[in-house]
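Peer 1: Task: produce atomic coordinates for the following.
(chains A and B)
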Amino acid sequence: MQAAKETELEIDPLAPPKHRWLWLALTLVIAAGAALAFIGWYRFFREEAQPAWVTATPEMRFKYGSIGAERDAGIPYWIFYVLPRIFPEKLPGPGGYASLGVAWEQGQELPIGFTKKTIGFPRVANTCAACHTASYRSRADENPTYVVAGPGHTLNLEAFFRYLIDCAKDPRFTPDVLLTEIALVTELDWLDKLAYRFLIIPMTKKRLLEREAQFAWIYRKDFPDWGRGRDDAMNLTKYFMIKASMDDSFGPTDMPSLWNLNKYQPEKGHVMNFAGDSHDARSVIIDSALGVLGAAPHDRQDFLAQVAWLHDYLGKLPAPKYPFPIDADRAAAGKTVFDAHCAGCHQSDRTGTRLPLAEIGTDRSRLDSWNKGAAIEANRVVRAMGIARKGLVEETLDGYVIQFLDGIWLRAPYLHNGSVPTLRDLLEPPARRPVEFLRGYDVYDQEKVGFVTEGPEAERVGTRYDTQQRGNGNGGHLYGTDLSGADKAALVEYLKTL
Amino acid sequence: MTVRRSSPLLAAPPAAPAKRWCCHAFAILAALLLVPITAAVALFVRFSADEPVSYPDIERHFMYGSTGGERNSGFPYWIWQVLPKVCAQYLPGEGYASLGMIYERGRTLPVGVSMRRNLGLDRVFLNCAACHSGTVRDTPESEPQLYLGMPAHQLNLMAFENFFFSCAADAKFSADTLIPEIDAQAGKLGLLDRYLVYPVAIGLMRERLLMLRERFKWTLPQPAWGPGRVDTFNSSKALFNFPSDRLSPAERIGTTDFPSIWEQGKRKMRDNGQPMQLHWDGNNTKTEERNKNAAFGTGTTPPTIDLVAIGRIEEWLLDAAPPKYPYPIDERLAARGAPVYAEYCADCHGASGQDFHGARVGHVTPLADIGTDRHRLDSFTPELAQNLGSVYAGYPWRFTGFRKTFGYANLPLDGLWLRGPYLHNGSVPTVRDLLEPVANRPKSFCRGYDVIDRQKLGFVSDVCAEGARQYFRFDTSFEGNGNAGHEGKAYGTDLPADEKAALVEFLKTF
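Peer 2: Numbering: from 1, shown residues only, chains lettered A, B, ... in the order given. All right, here's what the predicted structure looks like:
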């Protein structure tokens, strides 16, 4: 110790420092480490804002603006890009992602509700708009009009879920195959190639495969397909948010419209979701957005700001006006019928409240897919994320909510499970409603009010809906079924004006 | 401290021999490394080169310059040269010329085939001129005259593709067969080429062709395109790898004539200030996207396209004018045709061959009105339009302009005399035939013969063989080949014969 000290004292301050090479090496190692850390951060974690056009208008933001789902639920952009080229046979038809019935504006890189955002590397994820954008056309030889916040009645969401998993399960989901295809469409630099080969592709495969267990019920042979425009929403919540083990319930419902959410006024006793499962619009937005994120939000403040924006935007967004001619006289006559037969529920204090199943008599499967225990658990999970909301109704629910009818013309097919194709069909007794029909075709039927359900083009894109299958019953809601033909026609004409 | 300073000095004497030894070792090592380093440099120089054969003259560049397609799709030059001999049974006649490719005197590659030094080999592939250059003869005895920018009405692109696909699937497509043939034609190959470069290139080329054959199998059940035609948008679906067996029957045939490509600048503006709707169905208004989309046919991909080279062609085509009709025109007759044209045609097709003004020029006429064969229209589906928005993703020039339409575009008629047969699917051989009602138009005729028909305006269509060469019989009863539509009073098919003759004469001035 003493000797060492003396030696130290002997050192000439002008002499080169002892272990100079060591210091040099250490500095280099630290610099290299820092550089590597920076590269690692840059290539995997840096977050880039989306380009300005994405948020240029509120509507564009709703359609293409990220809600933060890229981090956990996002798929690396170039993998997403080449999957349909490598695994086209696993899609419902030719046409890549378009065959899923996504609302894809011609000229856009991605469909509505699909976001592209760079977090280290470009990734694709979804927003509310994927399921909540409606499409309609007046005739076959016309391009579609997309209505944001409308029901995504053309989207085959189940096929999309299955597709990603089926791709990941395929032995051809390998870096070699994917990178060969990627090389045909873009030029990755060598770092990206390495990252894709050794990290991004294997991790994506692993993550997609992990989803398989939670998605087990969408592969069940004893359940019918959701078909276009529907999802088994409460089971999604059960299996993803609260990670419940699979039960035997199955309750797919139509994608709802999201416009004019301010009509729901909890203080008047209004509840939301088809069975009145949720207390208010903000809770519904939070729970749905969490489903899109696939995990607790990375940045809670940012997430809640997104929710607040969505609530504000969707709260005030008006329902779209019926775009085709309306016979004013007939509609006026229809108003009388409406006031006499419909307004008591659909334009009264009862609107937005639950009507017992015994009274409404529609298919009960949706009710059975949710329960009080699940509501309690889901509320606990969301609380644990540090998110305060009124949340899900912790009760056993026994009926369906009486709907507000704003923009009802674009909300076909009708009833919560989409089992009746048009309003005119809904005014027939169940025995005379269509037993089977095609869903997901977007040419509008101005006579019956709803979408065209047959013909070669409907066959090409639509999915067949069989009301005899589980969860698909078209019974109930017998109101107005015994009106005269003239009254029904007048009523349907009036409903176009709502 | 002194100790430390002196230590290097103390160590110096033993260091000297070590240093000498070290120098010797280094010298020996250097000598030993010289050979591999030189070899490595030579290999690097050879295999890293990416040099197209370039042509300062724009017309030469158009004919023989690269679009970048060789990088991805190029065939090694010598393989290209020996294949017609090795796989002669898959060609209709002698060499590539039998497919309608045009050879200028003294050149070993035809018009429309470019060459680039890439991956250590001279590689060749198609460029724009392959499908947009043609020949014309005044009489059967005349020399063929080459015209750039006109439809390659003589090129059988389907047969060209099938030649390569069939050859690649043949057992003869192997190093064992090809290399001796290359030796015979090119002189002996070097060791590196013989045992490494060519065997690898042959394997890769075969693999790629067989992959393409699989992706283009949808062409097999189609009626033969015949010369001068291509199915553009089903090819596009093949790029996306849409499964062809699941395409709806209505969209499976989209075969159309190659278009002429002059006067692109004037197509950027129609009367309402917007650009014209391009392609037969008017599905895009952006010439640059139309061009890049066509360049897929020359083997390019987004990462490999040579935008500088294509940019030169684009710029040239802005003002490239069609060649004038080189034969006598009866001026008085043409003058009588002018008012007929003005009354019946100008609104849709432009004031003249040079003046494209007209209220409906560059707009789409709905199918119900035009009434021509609907297959091409239906082959471009909304789903394809949607997918095309993702092409060139990540580049500033990503496609944004493709739209599904519901009719066919009204085209300017510049250089009309070189654009036969007529209608989008080339189902009517001459302009004069097009002025007849459908019932009087030829039900079948021959295509690919390049002798001009000065009377009817178009190419002679009743000659189906010349010497050993057979021309293609086009049957309008086949699916996609319908010759109906563009008919009725508004379309001039009810005009008296003398007015039709005058109109045809006037159209020669275009």
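Peer 1: Can you classify residue A:123 by secondary structure?
Peer 2: Local secondary structure at residue A:123 is given as strand here, using DSSP: H, G, I helix; E, B strand; the rest coil.
Peer 1: Identify the residue nearest it in space, chain neighbours excluded?
Peer 2: Taking Cβ to Cβ, 6 or more residues apart in numbering or on different chains, and ignoring the residues beside it in sequence, residue A:123 has residue A:74 as its nearest neighbour in space, at 3.5 Å. Every C-beta, even on glycine, is put in place using the N, C-alpha and C of the backbone.
Peer 1: contacting residues around that neighbour?
Peer 2: Neighbouring residues of residue A:74 by Cβ atoms under 8 Å, 6 or more residues apart in numbering or on different chains: A:117, A:119, A:123, A:124, A:125.
Peer 1: how near is it to residue A:300?
Peer 2: Residue A:74 sits 18 Å away from residue A:300 when distances are taken as Cβ to Cβ, to the nearest Å.
Peer 1: what pLDDT does the residue nearest to residue A:123 get?
Peer 2: Predicted confidence (pLDDT) at residue A:74: the value is 93.
Peer 1: Distance of the spatially closest residue to residue B:186 that is not a sequence neighbour relative to chain A?
Peer 2: When the adjacent residues along the chain are set aside, residue B:186 lies closest to residue B:78, with 5.1 Å between them (Cβ to Cβ, 6+ apart). When distances are taken as Cβ to the nearest Cβ, to the nearest Å, residue B:78 and chain A turn out to be 26 Å apart.
Peer 1: repeat for residue B:86
Peer 2: Distance, residue B:86 to chain A, using Cβ to the nearest Cβ: 28 Å.
Peer 1: so the closest residue to chain B within the stretch 351-498 of chain A, which of the three states?
Peer 2: Closest residue of the stretch 351-498 of chain A to chain B, Cβ to the nearest Cβ: residue A:460 (5.3 Å). On the three-state scheme (three-state DSSP), residue A:460 is labelled helix.
Peer 1: got the phi/psi numbers for the residue nearest to it when sequence neighbours are not counted?
Peer 2: Of all residues not flanking residue A:460 in the chain, residue B:248 sits nearest, at 5.3 Å (Cβ to Cβ, 6+ apart). Backbone dihedrals for residue B:248, given as degrees, to the nearest 10, come out at phi -70, psi 150.
Peer 1: residues in chain B within reach of chain A, list them.
Peer 2: Along chain B, the residues adjacent to chain A under the rule Cβ under 8 Å from any Cβ of the partner chain are B:1, B:4-5, B:72, B:237, B:240-244, B:246-248, B:301-303, B:366-367, B:381-387, B:389-390, B:393-394, B:398-404, B:406.
Peer 1: So which of those residues belong to strands?
Peer 2: Among the residues of chain B next to chain A, the ones falling in strands (DSSP state E) are residue B:366.
Peer 1: Residue A:367 - nearest residue in space that isn't next to it in sequence?
Peer 2: Once flanking residues are discounted, residue A:367 sits nearest to residue A:275: 5.6 Å by Cβ to Cβ, 6+ apart.
Peer 1: Contact partners for that neighbour?
Peer 2: A:354, A:366, A:367, A:370, A:397, A:399, A:400, A:401.
Peer 1: residues near the residue in chain B that chain A sits nearest to, how many?
Peer 2: For chain B, the nearest residue to chain A under the criterion Cβ to the nearest Cβ is residue B:383, separated by 3.2 Å. A total of 23 residues lie near residue B:383 under the criterion other Cβ atoms under 10 Å in any protein chain shown.
Peer 1: Tell me which residues touch the nearest residue to it once chain neighbours are set aside, please.
Peer 2: Once flanking residues are discounted, residue B:383 sits nearest to residue A:95: 3.2 Å by Cβ to Cβ, 6+ apart. Neighbour list for residue A:95: B:242, B:381, B:383, B:384, B:386, B:387 [criterion: Cβ under 8 Å, 6+ apart].
Peer 1: Can you give me every residue that contacts the second one?
Peer 2: Contacts were defined as Cβ under 8 Å, 6+ apart; by that measure residue B:381 touches A:95, B:251, B:404.
Peer 1: one more time with 10 Å
Peer 2: Applying Cβ atoms under 10 Å, 6 or more residues apart in numbering or on different chains, one finds that residue B:381 lies in contact with A:94-95, A:98, A:460, B:233, B:237, B:242, B:247-248, B:250-251, B:254, B:387, B:404.
Peer 1: All good on my end, thank you.
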